[in-house]
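Undergrad: Build the 3D model from these lines:
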Amino acid sequence: MPFPTLDPIPLPAPVWLFKVLHIVTLSLHFVTIYLMVGGLTLAALWNFRTRNDASTPLYGASADIAHRLPVVMTYLVNFGIPPLLFAQVLYGRALYTSSILIGAYWLAVIFLLTAAYYLLYVAARRADQGRAFWWLSLLSLVGVTYIGRIYSTNLTLMLRPEVWLELYRADPLGAQLPTDDPTTLPRFFFMMLTSFAVTGAGLLLITNFSRADAAVRLLLGRWGGWLAGLGGLLSMGLGVWVHGTQPTVVKTALAEHPFYAWSLPGFLVCAALLAVFGFLSLKLKGWLPAVGAAGAGFLATTMAVIARDGIRDLTLLAKGFDVWQQPVVSNWQVVVLFLVLFVAGLGVIGWMLYVLAKAKGVARHA
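TA: Residues are numbered from 1 along each chain as shown. As a prediction, this is how the structure comes out:
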């Protein structure tokens, strides 16, 4: 099936600018996804283990995480909008089509997200009261995970124009998810399981820079070191798995591309550094391992986003869509205004993250 006819409205800025902005904002969005999935998992696990005793450090740690997650969700949602809009500008003919084909699930994301967000606030309130909230965190985790499943399906379906017509004929209402793409599950598991490595780096930052109770910070630091170390190694294996499931033509094109060829090696190096800093934090005190793990975690995420971008571009190119061959009529006044506001927004977000990291947290065991 050919791609829909080219949109007659030209792009208002060069393709390379949209792609740079897409990679930057999507990297930030992925970091918040990792923190959300990993944070919900730990909050549910820790609170379940100590649900009958709110005086333990483990309960304090679960409550501390539960209190930070509504803020993380705010960043997750707001960082998720720009890359989705940039993707719609660059790949609209593919992304709009796949979204319509699974329209019922795509619209369900709104309700799932609302429910998951609400449960975060209820869990935080119960943490204030010293009550069990593990089941609320678990339900929220299920909702967030299922949203991830829908996104993985949509963003791989947009790369398969050969199945669009068959899928539409099978269910014109968009109430069917395709299950025959061998690349979907590896990408989904990569997103979900890599969360633990990045969350480990986040715990190390909290340990070193927050004002939470000392016993809680000690526990968070120990968990953060192991998660960053073991999670970094796990993410390396997952990255190789995702790459290995791509079609041969895509893997060959990636290996020969002057820009995308180093994305997988770059990811593996950064993930290995994340693991090293994680294990190092178990032996070496101070802020250096925490900052190193956080930096390596962000760089690994950026490398994964670049590799993902290459897989998308080269897959679509093999099927007749070249993202670089689109009409462009630049409106530089609007572009400059946007970039000024974008940089100012990043500055405000950085300040808010600093305040969040310095938050005292909840300590019920004192």
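Undergrad: Only C-alpha atoms from now on, for both contacts and neighbour counts.
TA: Noted.
Undergrad: does F190 belong to a helix or a strand, and which?
TA: helix 184-193 (DSSP states H and E).
Undergrad: Going along the chain, name the helices of the stretch 151-300 of the chain.
TA: Ranges of helices in the stretch 151-300 of the chain, per DSSP state H, counting those that start in this stretch, are 164-170, 184-193, 195-209, 214-244, 248-256, 263-281, 288-318.
Undergrad: For the fourth one, give the mean pLDDT please.
TA: Predicted confidence along helix 214-244 averages 94 (mean pLDDT).
Undergrad: looking at the helices of the stretch 151-300 of the chain, which is closest to I81?
TA: Minimum separation from I81 across the helices of the stretch 151-300 of the chain (C-alpha to C-alpha) falls at helix 288-318, 15.8 Å.
Undergrad: So which elements touch that closest one?
TA: Packing partners of helix 288-318 (3 or more C-alpha pairs under 8 Å, 6 or more residues apart in numbering; DSSP states H and E): helix 15-49, helix 195-209, helix 248-256, helix 263-281.
Undergrad: Does anything pack onto the helix or strand just after that helix? Which helices or strands?
TA: Per DSSP H and E, the first helix or strand lying C-terminal to helix 288-318 is helix 332-357. Judged by 3+ C-alpha pairs under 8 Å, 6+ apart, helix 332-357 is in contact with helix 195-209.
Undergrad: If you count contacts, what does the helix it packs on end up packed against?
TA: For helix 195-209, the packing partners by 3+ C-alpha pairs under 8 Å, 6+ apart are helix 15-49, helix 214-244, helix 263-281, helix 288-318, helix 332-357.
Undergrad: And the contacts of it?
TA: Applying C-alpha atoms under 8 Å, 6 or more residues apart in numbering, the external contacts of helix 195-209 come out as 31, 33-35, 37-39, 217-218, 220-221, 223-232, 235, 274-275, 278, 286-287, 290-291, 293-294, 297-298, 357-358.
Undergrad: sorry, back to before: with just CA atoms, put the helix holding F190 into CSV.
TA: C-alpha atoms of helix 184-193 as CSV (Å, rounded to 0.1, in the frame of the first residue of the first chain):
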residue,chain,number,x,y,z
THR,A,184,7.1,-4.6,18.8
LEU,A,185,7.7,-6.7,22.0
PRO,A,186,11.5,-6.2,22.1
ARG,A,187,11.0,-2.4,21.9
PHE,A,188,8.3,-2.6,24.6
PHE,A,189,10.5,-4.6,26.9
PHE,A,190,13.4,-2.4,26.2
MET,A,191,11.4,0.7,27.3
MET,A,192,10.0,-1.0,30.4
LEU,A,193,13.1,-2.8,31.7
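Undergrad: Give the rounded mean pLDDT of it.
TA: 92.
Undergrad: from the chain's centre, how far out does that helix sit?
TA: Taking C-alpha atoms, centre = their mean, to the nearest Å, the mean C-alpha location of helix 184-193 is offset from the chain mean by 11 Å.
Undergrad: now the angle from it to helix 214-244?
TA: Taking axes from the mean of the first three to the mean of the last three C-alpha atoms, to 10 degrees, one finds helix 184-193 and helix 214-244 inclined to each other by 160 degrees.
Undergrad: helices and strands around helix 184-193, which ones?
TA: The helices and strands touching helix 184-193, judged by 3+ C-alpha pairs under 8 Å, 6+ apart, are helix 15-49, helix 134-157, helix 214-244.
Undergrad: Among those helices, which comes closest to T194?
TA: The nearest among the helices and strands packed on helix 184-193, by C-alpha to C-alpha, is helix 214-244 at 5.2 Å.
Undergrad: angle of the closest one against helix 15-49?
TA: Going by the same axes, to 10 degrees, helix 214-244 makes 130 degrees with helix 15-49.
Undergrad: what comes up buried for helix 214-244?
TA: Buried residues in helix 214-244, counted by 16 or more other C-alpha atoms under 10 Å: 215-236, 238-243.
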